[in-house]
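[1] What would the 3D arrangement of this be:
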Amino acid sequence: MFIVKAIAVTLLAGSFGSPASPPSGDTAYDTQTKLEAKRVACMTERGLDYLAAPEPRHEWQPGERERLAGDLDALRAYRAKYGFGVWSPNVYPKDKVVNPVGHENPNNKMLMSLSAGQLKKWRAADDSCFSQAVKEVLGKTVTSQDDYYDQLEAATQKSLSVLDQDKELVRLGSQFAACLGVEPAEPTALDGLSRSKIVRQASDVARKAWKGELPKAPKGRTITFRPNLKPAQARPYLDKEIKAALKDLECGKDFYPAYSPEAMEIRSRVDQEFGR
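    Model prediction:
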């Protein structure tokens, strides 16, 4: 996740993604460690500094596994306090459930010391070494880290698309959409639909608060923003989010238990394929 903090806005690219993506386990951590070791060796051969930065093992929170599997009681307990998890990090800044311990990249300090020219050279070499590591460890051909994540997302969406052909999920999805008062949609589109509206709201609030020029999204990508509001300022937004989240759950009480376990298994399988 790429984060830039400012006075009024936090830039979050990808951090508002699907709430049902299962976190990496020990196998993924081992794969990440191998990938990072390859990157270190490659960068060292090129005379450039790089410190291994594998993603840390995930610390499961109470009820998290159950939520990912579509358990209604676990989902209801979470949503009654945190909504969809969009505004709650502002309201509960010290709560690990919505504010997990951040992963500080050990290379940041070194990168900040480089000139623009040196940084460009370093990033080009790092992309090359990353691609080489992915080929050697995963057997996949990627041209850069961006290409890796694009392929991961494409593979996930392609794999999830089989759920849109499931007649029972389509039937439950139609009931879900009717209850929400939205146009009929495929099951994969309904998953996270209500949450995406809250994400857009948060991004709009951030844009209005920002006084400078906002970063522009690379072609084909979307950047969302979260305002750095104090708990009391964000509380009214969270209250409305909680209402929307509970309504979404009530409408999807038959949909989520059927859809979520299937989606979680698919995402987990694709993530393992990509070493996540």
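
[2] okay, now residue 82: neighbour count?
    Using other CB atoms under 10 Å, residue 82 has 21 other residues around it. For every residue, glycine as well, the C-beta is placed using N, CA and C.

[3] Same question for residue 124.
    By other CB under 10 Å, 11 other residues sit near residue 124.

[4] Determine the three-state secondary structure at it.
    Under DSSP: H, G, I helix; E, B strand; the rest coil, residue 124 falls in the helix class.

[5] Number the chain from 22, please
    Noted, 22 is the first residue going forward, which turns the last one into residue 145.

[6] ok, it - contacts?
    Residues near residue 145 by CB atoms under 8 Å, 6 or more residues apart in numbering: none.

[7] Give me the buried positions along the helix or strand hosting residue 148.
    Residue 148 is located in helix 137-159, with elements delineated by DSSP states H and E. Using 16 or more other CB atoms under 10 Å as the test for burial, helix 137-159 gives 143, 146-148, 150-152, 154-155, 158-159.

[8] Residue 78: which of those is nearest?
    Closest approach to residue 78 among these (CB to CB): residue 158, at 18.2 Å.

[9] which residues touch the closest one?
    Applying CB under 8 Å, 6+ apart, we find residue 158 in contact with 52, 55-56, 59, 296.

[10] hang on, the earlier thing: want to throw the buried residues of helix 137-159 into a markdown table with distance to residue 105 and pLDDT?
    Formatted as a markdown table, those follow (distance: CB to CB, whole Å; pLDDT from 0 to 100):
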| residue | distance to residue 105 | pLDDT |
| --- | --- | --- |
| 143 | 37 | 96 |
| 146 | 39 | 96 |
| 147 | 34 | 96 |
| 148 | 34 | 95 |
| 150 | 37 | 97 |
| 151 | 32 | 96 |
| 152 | 35 | 97 |
| 154 | 35 | 96 |
| 155 | 32 | 96 |
| 158 | 35 | 95 |
| 159 | 32 | 96 |
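
[11] Now distance to residue 101 too, for these, in TSV please.
    Shown next, in TSV, are the buried residues of helix 137-159 (distance: CB to CB, whole Å):
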residue	distance to residue 101
143	47
146	49
147	44
148	44
150	46
151	42
152	45
154	43
155	41
158	42
159	40
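
[12] Is residue 60 located within a helix, as I assumed?
    Yes - judged by three-state DSSP, residue 60 forms part of a helix.

[13] And it, how far from residue 73?
    Distance from residue 60 to residue 73, counting by CB to CB, to the nearest Å: 7 Å.

[14] More neighbours: which of these two?
    Of the pair residue 60 and residue 73, residue 60 is the one with more neighbours under other CB under 10 Å, namely 22 against 14.

[15] That one touches residue 155, doesn't it?
    No - with contact defined as CB atoms under 8 Å, residue 60 does not count as touching residue 155 (9.5 Å).

[16] Of the contacts of residue 158 - the most surrounded one?
    So for those (other CB under 10 Å), the most neighbours sit at residue 296, 24 neighbours.

[17] quick one: contacts for the spatially closest residue to that one that is not a sequence neighbour?
    Counting by CB to CB, 6 or more residues apart in numbering, the nearest residue to residue 296 once its immediate chain neighbours are dropped is residue 52, at 3.8 Å. Neighbouring residues of residue 52 by CB under 8 Å, 6+ apart: 158-159, 296.

[18] Can you name the residues that contact the nearest residue to residue 108 once chain neighbours are set aside?
    Of all residues not flanking residue 108 in the chain, residue 259 sits nearest, at 4.1 Å (CB to CB, 6+ apart). Applying CB under 8 Å, 6+ apart to residue 259 gives the contacts 103-104, 108-109, 111-112.

[19] Pull up the gap between residue 259 and residue 226, please.
    Residue 259 sits at a distance of 12 Å from residue 226 (criterion: CB to CB).
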